[in-house]
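Undergrad: Starting from these lines, generate the structure:
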Amino acid sequence: SSRLYKAFRGRQWQLCTILTASLFPGMAFCTFLFFNIILFFMNVAIAVPLLDVVIVAAMWCCVATPLVFLGAYFGYKADVIEFPTVTSTIARKIPTPPALLHPMVGMTVTGIVPFAAAYVEFFFIMTSLRMDQFY
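TA: All right, here's what the predicted structure looks like:
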């Protein structure tokens, strides 16, 4: 992230590195901790023990965060990413894409494939159950 931040002429690379090291892992850890506390108070057997939570937090603080800072240091010391084209300041009209490139068409086409696979499997399972044929 620091190399990309440098390519966009960012100046506060320390803040960028701190946010990289803490924002997503922190949200993921807080979500995990929230659900683990709920499971703990419900006396569910799948709640993660406190020692394991402390070990994961220690690994995050003592392993992942220093590695993010090390990677950010080397990323910021590397050469700036040169973009292959220069962006023009003249505003131009963006042409409308063809109908096949519409997002709804793409979502429909990509959704049909897994639906068809699940439907075929479900159809044969239900047919065999209706015919009293067990495999």
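Undergrad: Now for E82, how many residues are close by?
TA: 6 (other C-beta atoms under 10 Å). For glycine as for every other residue, the C-beta is placed from the backbone atoms N, C-alpha and C.
Undergrad: just how off-centre is stretch 80-94 within its chain?
TA: 28 Å (C-alpha atoms, centre = their mean, to the nearest Å).
Undergrad: again, but for stretch 67-86
TA: Counting by C-alpha atoms, centre = their mean, stretch 67-86 comes out at 21 Å from the chain centroid.
Undergrad: again, but for stretch 64-80
TA: 21 Å.
Undergrad: ok, and the closest non-adjacent residue to T17?
TA: Distances taken as C-beta to C-beta, 6 or more residues apart in numbering put A72 closest to T17, at 4.0 Å, once the chain neighbours are dropped.
Undergrad: Now do the SS call for that neighbour.
TA: helix (DSSP: H, G, I helix; E, B strand; the rest coil).
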